[in-house]
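> need a structure here:
(2 chains)
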Amino acid sequence: MTEPLKRPKRKDPLKRTQQPLYPQSVRSRTAHGLTKAAAEGRFELQTCDDCSTVFYPPRDACPNCLSDRVPFRPVDDNGKLIADTTIRTSTDPYFRERTPWRVGLTKLDAGPVILSHLHGDVLEGQRVRLALKLDKGGAPVMIALPEKDTPNMADDPHLREMTCDPKFRRVLITDGRTPVGQAMAKAFSDAGANIVFVGIADPWKPFPGQDELKKIERVEIVALDVTDSESVTEQAEQNGGRIDIVINTAEHIRAGGIMQRHGVTVAREEMDVRYFGLMRLAQAFGPAMRGRGADGVNSATAFVNLLSVHALMNWPQYGAYSAAEAASLSAAQCLRAELRSGGVRVMNVFFGPLDTEWFQTVPPPKVTPAALAKAVVQALQHGLEDVFVGDIAEDIRARLAANPKALERELAG
Amino acid sequence: MVSNPASDLLGFARRVASGSIKVVDLTQTLTQEFPTIVLPPEFGQAAPFRLEEISRYDERGPAWYWNNFTVSEHAGTHFDAPIHWISGKDLPNNAVDTIDPRKFIAPANVVDCSAESAANADFELTVPFLEAWEKEHGRIGAGEWVLLRTDWSKKPYSEYAGMRDDGAHTPGPVPEAVKWLVEERDVHGFGTETIGTDHGQGHHFNPPFPAHFYMHGKGRFGLQCLTNLDQLPPKGAVIFSAPLKIKQGSGSPLRVLALVEAA
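Numbering: from 1, shown residues only, chains lettered A, B, ... in the order given. Now for the predicted structure:
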């Protein structure tokens, strides 16, 4: 049974902060099929279209029939741990400071035998589930998990290296004025975050939910306006050194396309909140987070961007909004590369229309703020990188994979 | 003795330098945090003041510090030109770049409503109130500013903006009072310490936003977000208020200075 994580003690200020490292992360282009599955939380292996052989590690041809039709497909993740061993020393700097480290061989019911990391609750000879995860460097790895969930299993130190669990971590929610920001505050408080900092811009403007927000346990209201560089810098100066997870909830949602929008005033606001806002947060909070990627139990671990799924394909009814979301997504991809060396994950969460006032006229299905918040917490607990929440987002993801041009035409109405 | 206009002007400059004419700064510092007017979110919004460094003795410019700033024409202490309102849209010389620059210097009447406003955030400036003020301080002259002292500039921002779920609660004039100032007193313009020249609930008046509607309809000006009005005498101060020369600008943030005889 996993020893439950203890609330971390306050740091000894005389001790040097451990610098972040990550395991060797070079993968072949083909092997990034695993990266994609791990990023989205699926268990996929290459499956031969011609002879149905499931195989691992990734290859460009089927080891059974030499077919080159070998796509990654969801496969059964169940198997049996047939051998395990404990590594006591390593030449790899990342593992060297984390030994002893157990690894083992799992014989999957689907066929292949796979060498993977081991959760502390699995023993040789037991039935296990293999999970694809991203390691500290964002590379896909496997870990054998107990067949059934065990108490405190998320607290396993090996598994926690591959997840961004908010438990005992300090979270910054950048905008608490919105229903989404408030739902996030509640969800992260419930998930055991140590402090939930919630940014409020223009505190002289009252907002719905203000009183309830202040009552949430461990919520601390702080001054933060992502459209104001000085405000972002000042907040980072105050709390940037102890923020482990940033959830950027700053949103700007207005209907309307490109041509029939009268002028660019609103578009500038959209870009200011969604693109420049992200850039300001990245510049102010990113460097300190990257430096704290290995800072103990409550190390800096994730920067979460909430994005319209229409960042991936424009929805002309909300066309200018989609364009700003696309800019934000592109910036988030850049930030992902920049934070990678610190072992800090950038998680992009895509969703369709929200069940909030700015999508009032849009028919369901819509994503409620509470559902979105729950999905974000779960995705961090699982250590995902790309998350699709709700039917619309899932549908658009599938249609983009099948035929992006058809999707473009259909969204055009 | 015949007065020499040139020496009067130089004498004025000497009196400013010596302090026998006091310069009172009626301007709020342009900061990011200062409240800006809020419209219902589906309308276009006035951008608040924002500052971005170009360089600060660093790799972006090793020996110099400078900023870009962005701001709407109607943020911070600012001037309203007649073109700002639909009632003044067709007047000649109605924009900040075409207003006769002589109009940027004018005397001021400072109407103290600070006690009434402290007691009632919805204080309404009425004709009888102005008539009573005139009895005490003298008639409001043609071509003179009327500045409303409410001490609102001393409030914390949340009280300053006075936003509640039924709109802003800040003092201001009723329609009859503005009409009276324009038609019966031929004033130069109307200035306030609050976010706008109008009452916080001014959109419920008839006409809505009377300080905008009547003042700008007759080519008069507005000043808002003023401060330090408590340092001015009821009469006798001269206001210098030259907005930026923005092409067809509807207003602009500006430095507002009052010249006052030192006591």
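> Wondering if stretch A:256-268 reaches chain B at all.
Yes - counting by Cβ under 8 Å from any Cβ of the partner chain, chain B is contacted by stretch A:256-268 at A:G263, A:T265, A:V266. Every residue, glycine included, has its C-beta placed from N, CA and C.
> PyMOL command for the buried members of these?
To isolate the buried subset of the residues of stretch A:256-268 next to chain B in PyMOL, counting by 16 or more other Cβ atoms under 10 Å in any protein chain shown, use the following:
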select buried, chain A and resi 266
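> which one of the residues of stretch A:256-268 next to chain B is nearest A:D12?
In terms of Cβ to Cβ, no member of those lies closer to A:D12 than A:V266, at 50.3 Å.
> Secondary structure element holding the closest one?
Assignment of secondary structure by DSSP states H and E places A:V266 within helix A:265-271.
> Tell me how far A:L281 lies from A:A332.
Here the criterion is Cβ to Cβ, to the nearest Å. By it, A:L281 lies 11 Å from A:A332.
> out of those two, which sits in the busier spot?
When A:L281 is set against A:A332 and neighbours are counted by other Cβ atoms under 10 Å in any protein chain shown, the residue ahead is A:L281, at 24 against 21.
> Now name the helix or strand holding the more buried one.
Short version: A:L281 belongs to helix A:277-291, going by DSSP H and E.
> Now find how far off-centre that helix is within its chain.
Distance, stretch centre to chain centre, for helix A:277-291: 16 Å (Cα atoms, centre = their mean, to the nearest Å).
> Output the contacting helices and strands for whichever helix or strand comes after that helix.
As assigned by DSSP H and E, the chain's next helix or strand after helix A:277-291 is strand A:302-308. Strand A:302-308 sits against strand A:245-248, helix A:277-291, helix A:319-340, strand A:345-351, helix A:369-382, with contacts defined as 3 or more Cβ pairs under 8 Å, 6 or more residues apart in numbering or on different chains; DSSP states H and E.
> Would you mind getting the angle between strand A:302-308 and helix A:369-382?
Strand A:302-308 and helix A:369-382 are oriented at 140 degrees to each other (axes from the mean of the first three to the mean of the last three Cα atoms, to 10 degrees).
> What angle do helix A:319-340 and strand A:302-308 make with each other?
Using the same axes, to 10 degrees: strand A:302-308 against helix A:319-340 is 160 degrees.
> ok, residues contacting strand A:302-308?
Outside strand A:302-308, the residues that touch it by Cβ atoms under 8 Å, 6 or more residues apart in numbering or on different chains are A:164, A:180, A:244-249, A:251, A:278, A:281-282, A:285-286, A:289, A:315, A:318, A:321-322, A:325, A:328-329, A:332, A:335, A:339, A:344-352, A:372, A:376, A:380.
> And the host helix or strand of B:F213, what's buried?
In the assignment (DSSP H and E), B:F213 maps to helix B:210-217. When neighbours are counted by 16+ other Cβ under 10 Å, the buried residues of helix B:210-217 are found to be B:P210, B:A211, B:H212, B:F213, B:Y214, B:M215, B:H216, B:G217.
> Go ahead and confirm A:V377 touches A:P166.
Yes - in this structure, A:V377 sits in contact with A:P166. The criterion is Cβ atoms under 8 Å, and the distance is 6.4 Å.
> residues touching residue 121, list them.
Because you didn't say which chain, this covers chain A. When contacts are counted by Cβ under 8 Å, 6+ apart, A:D121 touches A:M1, A:T2, A:L145, A:P146, A:T150, A:M153, A:D156.
> actually chain B
Shown here is B:A121, whose contacts under the criterion Cβ under 8 Å, 6+ apart are B:G162, B:H169, B:T170, B:P171, B:G200.
> to the chain's geometric centre, what's the distance from the helix holding A:V266?
With Cα atoms, centre = their mean as the basis, the distance from the averaged C-alpha position of helix A:265-271 to the chain average is 27 Å.
> Who has more neighbours out of A:V377 and A:P166?
It is A:P166, of A:V377 and A:P166, that has more neighbours when counted by other Cβ under 10 Å, with 27 against 21.
> Return the distance of that one relative to A:K9.
Counting by Cβ to Cβ, the gap between A:P166 and A:K9 amounts to 19 Å.
> Work out for me the element B:P107 sits within.
Under DSSP H and E, the secondary-structure element containing B:P107 is strand B:105-112.
> quick one: buried residues of that strand?
In strand B:105-112, counting by 16+ other Cβ under 10 Å, buried: B:A106, B:P107, B:A108, B:N109, B:V110, B:V111, B:D112.
> Equivalent analysis for stretch A:245-263, please.
In terms of neighbour count (16+ other Cβ under 10 Å), stretch A:245-263 has its buried residues at A:245-257.
> next one: stretch B:141-161
Taking 16+ other Cβ under 10 Å as the criterion, stretch B:141-161 shows B:144-153, B:155, B:160-161 as buried.
> which of the buried residues of stretch A:245-263 lies closest to chain B?
Lowest distance from chain B to the buried residues of stretch A:245-263 (Cβ to the nearest Cβ) belongs to A:R254, with 8.1 Å.
> where's the residue of the stretch 1-150 of chain A at minimum distance from chain B relative to A:R169, distance?
Ranked by Cβ to the nearest Cβ, the top residue of the stretch 1-150 of chain A for proximity to chain B is A:Q19, at 25.4 Å. Going from A:Q19 to A:R169 by Cβ to Cβ gives 19 Å.
> Get me the contact residues on the stretch 251-400 of chain A for chain B.
With Cβ under 8 Å from any Cβ as the criterion, the stretch 251-400 of chain A comes near chain B at residues A:G263, A:T265, A:V266, A:E269.
> Leaving out sequence neighbours, find the closest residue to the last one.
Closest residue to A:E269 apart from its sequence neighbours, by Cβ to Cβ, 6 or more residues apart in numbering or on different chains: A:H252 at 5.9 Å.
> gap between that neighbour and B:T36?
Going from A:H252 to B:T36 by Cβ to Cβ gives 17 Å.
> Same question for A:L372.
Distance, A:L372 to B:T36, by Cβ to Cβ: 30 Å.
> Repeat that for B:G202.
In terms of Cβ to Cβ, B:G202 sits 17 Å off from B:T36.
> Can you get me a residue count around the residue nearest to B:H212 when sequence neighbours are not counted?
Leaving aside its chain neighbours, B:H212 sits nearest to B:W85 (4.5 Å; criterion: Cβ to Cβ, 6+ apart). Around B:W85 sit 20 other residues, with neighbours defined as other Cβ under 10 Å.
> Can you give me every residue that contacts B:W85?
Residues near B:W85 by Cβ under 8 Å, 6+ apart: B:F209, B:H212, B:F213, B:M215, B:H216, B:G217.
> Who are the contact partners of the closest residue to the last one other than its chain neighbours?
Same thing as B:G217. The shortest distance from B:G217 to any residue other than its chain neighbours is 3.3 Å, reached at B:S87 (Cβ to Cβ, 6+ apart). Counting by Cβ under 8 Å, 6+ apart, B:S87 makes contact with B:H212, B:F213, B:Y214, B:H216, B:G217.
> and if we set it to 7 Å?
For B:S87, the contact set (Cβ atoms under 7 Å, 6 or more residues apart in numbering or on different chains) comprises B:F213, B:H216, B:G217.
> What distance do you get for it to A:G79?
From B:S87 over to A:G79 (counting by Cβ to Cβ), the distance is 79 Å.
> B:M215 and B:K179 touch, don't they?
No - here B:M215 lies out of contact with B:K179, judged by Cβ atoms under 7 Å, at a distance of 9.8 Å.
> Secondary structure class of the residue most central in space within chain B, three-state.
Centroid-nearest residue in chain B: B:L223, 1.6 Å away (criterion: Cα atoms, centre = their mean). Secondary structure for B:L223, judged by DSSP: H, G, I helix; E, B strand; the rest coil, is strand.
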